[in-house]
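**Student:** What follows is a predicted structure for the sequence shown.
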Amino acid sequence: MTPRGDLLPHATAIPSVVLASQSDAAVKANTSFLSRVFTASTSRRGLTFLRRLIVRILALVVFVALWQVASTHKAHFVVNFTFVPAPTAVAGAALDFVESPKAPQHVVSSVRRVLIGFLLAAAVAIPLGLAIGRSRLVADIVMTPLEVLRPIPGVAWIPLAILMFPTSEQSMIFICLIGALFPILLSTIHGVENLDRRLVYAAQTLGARNWHIFTEVILPGALPSIVTGLTIGMGISWFLVVTAEMISGRFGVGYFTWEAYTLQNYADIVVGMLVIGTLGMSSSLLVKFLGNRFMPWHRHLVHAR
Amino acid sequence: MRQGAINLKDVSLVFGSGSHAVVALEKLSLHVEPGEFLAILGPSGCGKSSLISTIAGFQPPHAGTLLVDGSAVSRPGSDRGVVFQQPTLFPWKSVRQNVDFGLRLRKVPRQERSAILDEILHKVGLSEFVSHYPTQLSGGMQQRVGLARVLVNRPRVMLMDEPFGSLDAQIRLQMQELLLEVWNEFRMTILFVTHDIDEAIFLGSRVAMLTRRPGRLKTIIDVDLPRPRKLDVLVSPEFMRLKRNCMALLREETVGSPQAQVFNNDLYNDSNQAANNTG
């Protein structure tokens, strides 16, 4: 019932609008044949998008209305709505939450844990993945222990993490790190290994040696795959921070949600869920947005389709 | 002194090992003059492309000597530019950045680079597309970028591996004319691999005919058509005579080869499936 599941499709549509408007400006500056073709297709796409947006908003309204009806009538049909707060109650609790002095503290502690864990994971996984993808020796040394650790779910690390680190703060950051590490690592390796070998050959005949091949060919070539890994890793970091906070947190949105359950503030449970969903979604979007900023060619690739 | 002499003596190239070994080139000897435009013609699978990748420095020869301007080839380098069958442009670089690549590697000063880029991009007709990305270009335009990218390095030798093979007939003729203009100006040595007889004769000063695998030099045909060559040369009697000559030589290599036999049976069986298998 977190909003994340059904909001995500909308969310993924948003960047394409932003990008479409950017390229519109570029198109107007250029009057070549190619760009005229692009203009025609973007305006048509704009219309379809508007229609789809209306349908999506209507669907959301119907969904919330059904939820309201179900909880006010305390529907009990397979799912028990007796204790499920109505959207109106949730809205009230959400306003209280926004005004409460503890709200920023909860949000900041969760964001901080995710951000530190995620950035550490990226700092380890990207260079390691590049090295594994380029060198068979590094792959042989590092991959075996990693393959043993990889199938272990991040949640299973929680008990050991608590024992391994002096503070629960550090153990929660470690959990976020573990969750983001493998998606980023595997995508980076994949990106390097799937790079078209002919591009490396081409660079060599243009005079490039190892260092330039790495910085000018391997790195940009693997970048789309790395960004995909970062987006997935960010999602998993959020998933894990919430779980870890429920177990050992003092602050954080996961802790807030669990506390609401133990104190029987049922509306606050849903508020917590919504906050988690919003934060997770925005951070994944941010990663995607930054990724696209670094990959202008990829933007055109999307347009060509 | 003009540079770009290529000398191959008894060059052999083997792929794989043991029972899977395929001999791509066997004791191939060839001398290419500095500034010559040599077309290389041969049946498919004869090792034409292997010859290019050996001279480019990707595949060291297993036996024999390979000299470019008197020194042995040990690895790829910008003195031997390669225009590949597929354009293989860097998708993350714009047209201008793709062409700029070689200049930047050689640390040419920024202002000088800018002037060279403007000139080359104009020459290959890409001035209006400098900020496009490769995926936004047609196949012919991509191959123009591939050519420009090599030209900025002023290579002594330009190796071309069926570069216009995937273009349609009209664009292909345009590109051939463009290439002749470029060669006329730069006068680097060009090795141009193709399976198209018309293309080989239209472009080359000589046409080197390879045998079927393992590839050796079958013969070299002098093309005495006057330069600069324009498209009407394609219907001149001398062109026709050379073409007939090449067709006969090429047929000698394809008839009797296993591929040709399957193909001939096919004509009688009228079976498309077998024809597909030969490809």
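**Tutor:** Received it, and whenever you're ready, just let me know what you need.
**Student:** Now the residue in the stretch 51-200 of chain A positioned nearest to chain B. Nearest residue, chain neighbours left out?
**Tutor:** The minimum distance from the stretch 51-200 of chain A to chain B, using CB to the nearest CB, falls at residue A:198 (4.6 Å). No exception for glycine: its C-beta is placed from N, CA and C like everyone else's. Leaving aside its sequence neighbours, residue A:198 sits nearest to residue B:88 (CB to CB, 6 or more residues apart in numbering or on different chains; 4.6 Å).
**Student:** gap between the residue of the stretch 51-200 of chain A closest to chain B and residue A:210?
**Tutor:** Distance of residue A:198 to residue A:210, computed by CB to CB, to the nearest Å: 17 Å.
**Student:** ok, now residue B:196?
**Tutor:** In terms of CB to CB, residue B:196 sits 37 Å off from residue A:210.
**Student:** For the two, work out which one has more neighbours and name it.
**Tutor:** When residue B:196 and residue A:210 are compared for neighbours, residue B:196 comes out ahead with 16 against 10, by other CB atoms under 10 Å in any protein chain shown.
**Student:** nearest spatial neighbour of the more buried one, skipping sequence neighbours?
**Tutor:** Nearest to residue B:196 is residue B:165, by CB to CB, 6+ apart, at 7.8 Å.
**Student:** Tell me where chain B has helices.
**Tutor:** For chain B, helices defined by DSSP state H occupy the ranges B:48-56, B:95-105, B:110-123, B:139-151, B:169-186, B:197-203, B:237-254, B:258-269, B:272-278.
**Student:** cool, and the stretch 1-150 of chain A?
**Tutor:** A:4-29, A:33-72, A:87-99, A:102-134, A:136-149 (DSSP state H, counting those that start in this stretch).
**Student:** What of the stretch 151-300 of chain A?
**Tutor:** With DSSP H, counting those that start in this stretch as the criterion, the stretch 151-300 of chain A has helices spanning A:158-164, A:168-193, A:197-205, A:210-212, A:219-248, A:253-262, A:266-294, A:296-304.
**Student:** how many other residues sit next to residue 183?
**Tutor:** No chain specified, so I'll use chain A. Residues within reach of residue A:183, counting by other CB under 10 Å, total 21.
**Student:** let's do chain B instead
**Tutor:** Residues lying near residue B:183 (other CB under 10 Å) number 20.
**Student:** What residues does residue B:33 make contact with?
**Tutor:** Counting by CB atoms under 8 Å, 6 or more residues apart in numbering or on different chains, residue B:33 touches B:5, B:189.
**Student:** Kindly report the same for residue A:172.
**Tutor:** Residue A:172 neighbours (CB under 8 Å, 6+ apart): A:113, A:117, A:161, A:241, A:244-245, A:248-249, A:252.
**Student:** quick one: which of the residues you listed has the most company?
**Tutor:** For these, counting by other CB under 10 Å, the largest number of neighbours falls to residue A:241: 32 neighbours.
**Student:** measure the residue in chain A that chain B sits nearest to to residue B:150 for me?
**Tutor:** Nearest residue of chain A to chain B: residue A:207, at 3.3 Å (CB to the nearest CB). According to CB to CB, residue A:207 stands 11 Å off from residue B:150.
**Student:** When those two are compared, which one has more neighbours?
**Tutor:** Ranked by neighbour count (other CB under 10 Å), residue A:207 and residue B:150 place residue B:150 first, with 27 against 20.
**Student:** my guess is that one meets residue B:80, correct?
**Tutor:** No - shown here, residue B:150 and residue B:80 do not form a contact pair, counting by CB atoms under 8 Å, at 9.5 Å.
**Student:** Run through the residues that contact the closest residue to residue B:140 other than its chain neighbours.
**Tutor:** Distances taken as CB to CB, 6+ apart put residue B:171 closest to residue B:140, at 4.0 Å, once the chain neighbours are dropped. Residues near residue B:171 by CB under 8 Å, 6+ apart: B:138-140, B:164.
**Student:** circling back: what do residue A:207 and residue B:150 both touch?
**Tutor:** Each of residue B:102 lies in contact with both residue A:207 and residue B:150 under the rule CB under 8 Å, 6+ apart.
**Student:** Enumerate the residues of chain A near chain B.
**Tutor:** A:32, A:34, A:196, A:198-199, A:201-208, A:212, A:216-217, A:220-221, A:223, A:295-298, A:300-301, A:304 (CB under 8 Å from any CB of the partner chain).
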